[in-house]
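> Give me the fold of what follows.
(one chain, ligands or ions: 1)
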Amino acid sequence: MYDFIKKYLFKFDPEFAHALTLNTLKVADKIKLLTLFSEKIILPYECMGLHFKNPVGLAAGFDKNGDYIDVFDALGFGFIEIGTVTKNPQMGNPKPRLFRLEKEAALINRLGFNNKGIDYLIAQVKKTNYQGILGINIGKNRDTPLEKALEDYLYLFQKAAPVASYITINISSPNTENLRDLQQGKLLKNLLSTLKSAQKDQRKYVPLVVKISPDLTVDELKNMADIFLEEQIDGVIATNTTLDRSQIEASMIKSEKGGLSGKPLFARSTLILSQLHELLEEKIPIIGCGGILDSNLAQEKIKAGASLLQIYTGFIYKGPVLIREINKSLRNFA
Ligand SMILES: Cc1cc2nc3c(=O)[nH]c(=O)nc-3n(C[C@H](O)[C@H](O)[C@H](O)COP(=O)(O)O)c2cc1C
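Residues are numbered from 1 along each chain as shown. A predicted model of the protein is given here:
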């Protein structure tokens with residue numbers, strides 16, 4: 001069924017197809033059609049003190065403004081991460097900025113945090129009846145200089161924490177200039193210690209999760225892991241998209257600027273995941289993300305040290321059946 005729909009959708013520009021799909025699904029959900037076709041998958045899992053319906057989550061960037069939370073719940077995700085959201089609304093980069101690499105089961109995007117801002121997102125969250133785990137992924141505005149980034153993150157954390165199950169600090173998108181510099185040394189330490197203090201001031205405990213890049217060297221990763229342990233970060237998402245093109249040498253689209261996701265990202269992001277798993281000595285859980293296109297690849301992420309999983313590009317290429325397939329295989333694996 002999804003293969004048939006995909007043939008039609010893939011005739012359109014990727015960003016248009018994305019919006020068309022989400023709006024159609026929203027209508028289907030309103031008239032209770034989605035529950036007829038999707039199966040709620042219950043495979044309870046506890047992590048970071050939170051109770052997950054199942055370990056397969058939606059990665060950030062699919063629902064940047066929190067407009068489709070109920071849709072993704074109905075499709076069977078065990079948890080949903082919305083955002084990246086910034087303090088002020090911003091348009092993102094000029095179009096075209098999203099490219100499909102069909103043969104490689106991949107995408108290149110340089111959206112650049114297009115979103116309607118934190119106030120809009122919070123209003124959307126307050127409108128839903130969703131009871132499951134909701135992550136809110138936060139990032140700095142494009143025009144916020146690096147020296148002031150901390151102020152953006154602190155503001156966003158304080159606003160979003162009361163309505164979130166956990167907060168993801170996105171310092172790894174390749175599409176906001178210099179953002180990845182926040183992954184280094186003093187800048188990282190300062191950012192995380194400030195947010196950890198702010199966490200203590202909240203009425204409820206809201207886990208802080210850091211999303212990292214797959215393009216880190218072993219030394220960079222080691223320095224980050226030391227800071228995560230010192231600051232007692234609650235979780236890490238490994239990984240965001242990559243700037244590396246070595247896995248798509250034959251593609252016509254390889255020279256488009258932006259972050260590469262999907263199958264060609266799998267090996268690199270899983271290597272980072274396993275290295276981090278060793279460095280963190282199981283003291284901090286890791287959410288495995290990057291290139292999960294089927295249940296075998298999902299199993300490999302778990303074997304490399306992932307406690308939870310997130311998918312984005314796999315969902316575009318495989319549809320909701322992928323959530324079911326992975327959960328079924330995890331049930332057998334458990
Ligand atoms: C079109 C697109 C937009 C994305 N936007 C965001 C974002 O706003 N914030 C973020 O943290 N990650 C974002 N990502 C990265 C994904 O959340 C995920 O980390 C990455 O795509 C690797 O997973 P995948 O191979 O399953 O797609 C985006 C990815 C894509 C393809």
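> Do you know the pLDDT at the residue of the stretch 1-150 of the chain at minimum distance from the ligand?
Proximity of the stretch 1-150 of the chain to the ligand (Cβ to the nearest ligand atom) peaks at Gly61, 2.1 Å away. All C-beta atoms are positioned from the backbone trio N, CA, C, and that covers glycine. At Gly61, the model reports a pLDDT of 98.
> What of Val236?
98.
> before we move on, what about Ser38?
73.
> got it, and Tyr8?
85.
> ok, how many other residues are close to it?
Tyr8 has 10 neighbouring residues, counting by other Cβ atoms under 10 Å.
> Where does it sit, in terms of helix or strand?
Here Tyr8, judged by DSSP states H and E, is contained in helix 2-9.
> now the helix or strand following that helix against helix 2-9, angle please.
Next along the chain after helix 2-9, taking DSSP H and E as the criterion, comes helix 14-30. Angle, helix 14-30 to helix 2-9, by axes from the mean of the first three to the mean of the last three Cα atoms, to 10 degrees: 130 degrees.
> Quick one: list the elements packing against helix 14-30.
Applying 3 or more Cβ pairs under 8 Å, 6 or more residues apart in numbering; DSSP states H and E, we find helix 14-30 packed against helix 2-9, helix 69-74, strand 98-101.
> and if we set it to 7 Å?
helix 69-74, strand 98-101 (3 or more Cβ pairs under 7 Å, 6 or more residues apart in numbering; DSSP states H and E).
> follow-up on the earlier one: just the buried residues of the helix holding Tyr8, please?
Going by neighbour count (16 or more other Cβ atoms under 10 Å), the buried part of helix 2-9 is 6, 9.
> Check the offset of it from the chain's centre.
Relative to the mean C-alpha coordinate of its chain, helix 2-9 is positioned 24 Å out (Cα atoms, centre = their mean, to the nearest Å).
> Stretch 252-268 too?
So, by Cα atoms, centre = their mean, the centroid of stretch 252-268 is 16 Å from its chain's centroid.
> got it, and stretch 187-204?
Distance of stretch 187-204 from the chain centroid (Cα atoms, centre = their mean) equals 21 Å.
> Quick check: closest non-adjacent residue to Leu146.
Asn178 (5.4 Å; Cβ to Cβ, 6 or more residues apart in numbering).
> repeat for His18
Per Cβ to Cβ, 6+ apart, closest to His18 is Leu98, 7.4 Å.
> ok, the one you found touching Asn109?
Yes - counting by Cβ atoms under 7 Å, Leu98 touches Asn109, with 4.8 Å between them.
> that older thread, please work out which of the helices and strands packed on helix 14-30 is packed deepest.
Comparing those by mean neighbour count (mean count of other Cβ atoms under 10 Å), helix 69-74 comes out on top with a mean of 22.
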